[in-house]
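1. What follows is a predicted structure for the sequence shown.
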Amino acid sequence: EPEVTQTPSHQVTQMGQEVILRCVPISNHLYFYWYRQILGQKVEFLVSFYNNEISEKSEIFDDQFSVERPDGSNFTLKIRSTKLEDSAMYFCASTPRPPYGYTFGSGTRLTVV
Amino acid sequence: ELKVEQNPLFLSMQEGKNYTIYCNYSTTSDRLYWYRQDPGKSLESLFVLLSNGAVKQEGRLMASLDTKARLSTLHITAAVHDLSATYFCAVTGTASKLTFGTGTRLQVTL
């Protein structure tokens, strides 16, 4: 079964450093998303991406965040200057066409120290 | 703003018992999703409910959707320990993003 692949699975970074989280969506999917989940809490939407541009973003997705699809297969989330409160599990998701078949990746656990 | 609430937040039940998890949402939507999450793991899709009155069943889990009441239920029949996990419902409103509920942590005890 096709999978959404995320790397790394766990990243520890110092406060103020830049991190890039990587995702490889399922190959025929056209809509991409990033969500985050602070430990023990619910899953929160960050950003959606379609046709090489952001289609929607949440209040969490401020100027410190950016997304990119650099090469037609990878989908990245960059946090420019990490804060302690950015520590969370970050999930990438994709779908060929909403509202069908959202598939989530295995997640990247980001720990900011 | 679309709000999604689940109850209960935590459920401890004995093996063999039945129980229902409720998911209420605040605005019109006819698309509702149920996910399972094991500790430290990703979100596994359980059910996609795409119309009023939709009912889907897989094993000991059955999900239903009432769009008029803005309510979905996840019914557990004769629970087994393997069902222990956190269950999330999620809704799409007018946009394609998923808005998740608060989650229900289910613990099935022997």
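-> Yes, it's here. Residues are numbered from 1 along each chain as shown, chains lettered A, B, ... in the order given.

2. for chain A, which residue is closest to the average position?
-> To find the centre residue of chain A, average its C-alpha atoms and take the closest one (C-alpha atoms, centre = their mean): that gives residue A:34, at 3.4 Å.

3. so which strand or helix has the nearest residue to it once chain neighbours are set aside?
-> Counting by C-beta to C-beta, 6 or more residues apart in numbering or on different chains, residue A:34 lies nearest to residue A:46, which is 4.3 Å off, once chain neighbours are set aside. Glycine gets a C-beta too; all of them are placed from N, C-alpha and C. Assignment of secondary structure by DSSP states H and E places residue A:46 within strand A:43-50.

4. Just the CA trace of that strand, in PDB.
-> C-alpha atoms of strand A:43-50 as PDB (Å, rounded to 0.1, in the frame of the first residue of the first chain):
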ATOM      1  CA  VAL A  43      -3.900  17.300  16.000                       C
ATOM      2  CA  GLU A  44      -3.800  20.900  14.700                       C
ATOM      3  CA  PHE A  45      -3.800  22.000  11.100                       C
ATOM      4  CA  LEU A  46      -0.800  24.100   9.900                       C
ATOM      5  CA  VAL A  47      -1.000  24.600   6.200                       C
ATOM      6  CA  SER A  48      -2.400  23.100   3.000                       C
ATOM      7  CA  PHE A  49      -0.600  23.200  -0.400                       C
ATOM      8  CA  TYR A  50      -2.000  22.700  -3.900                       C
END
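
5. SS state for the closest residue to chain A within chain B?
-> Nearest residue of chain B to chain A, counting by C-beta to the nearest C-beta: residue B:96, 3.5 Å away. Here residue B:96 takes the coil state, with states given by DSSP: H, G, I helix; E, B strand; the rest coil.

6. From residue B:34, how far out is it?
-> Between residue B:96 and residue B:34 the distance, using C-beta to C-beta, to the nearest Å, works out to 18 Å.

7. Around chain B, pick out the residues from chain A.
-> Contact residues of chain A with respect to chain B, defined by C-beta under 8 Å from any C-beta of the partner chain, are listed as A:31, A:33, A:35, A:42-45, A:48, A:55-56, A:91, A:93, A:95, A:98-107, A:109.

8. For the chain, which segments are assigned as strands?
-> I went with chain A, as the question did not name one. Taking DSSP state E as the criterion, chain A contains strands spanning A:5-7, A:10-13, A:19-24, A:31-37, A:43-50, A:53-57, A:65-68, A:75-79, A:88-95, A:103-104, A:108-112.

9. try again with chain B
-> All strands of chain B, identified by DSSP E, fall at B:4-7, B:10-14, B:19-25, B:32-37, B:43-49, B:55-58, B:61-66, B:71-76, B:85-91, B:99-100, B:104-109.

10. Parallel or antiparallel, list what pairs with the shortest one.
-> Strand partners for strand B:99-100, identified by DSSP bridges, are recorded as strand B:85-91 (antiparallel).

11. Give me the mean pLDDT for the partner strand.
-> Per-residue confidence for strand B:85-91 averages out to 96 on the pLDDT scale.

12. For stretch B:28-40, the averaged confidence score.
-> Per-region confidence: stretch B:28-40 scores 89 on mean pLDDT.

13. got a pLDDT number for residue A:23?
-> Model confidence at residue A:23, given as pLDDT, is 97.

14. so it touches residue A:32, yeah?
-> Yes - between residue A:23 and residue A:32 there is a contact under C-beta atoms under 8 Å: 7.4 Å.

15. any shared contact partners between the two?
-> Taking C-beta atoms under 8 Å, 6 or more residues apart in numbering or on different chains as the contact criterion, the common neighbours of residue A:23 and residue A:32 are A:75, A:92.
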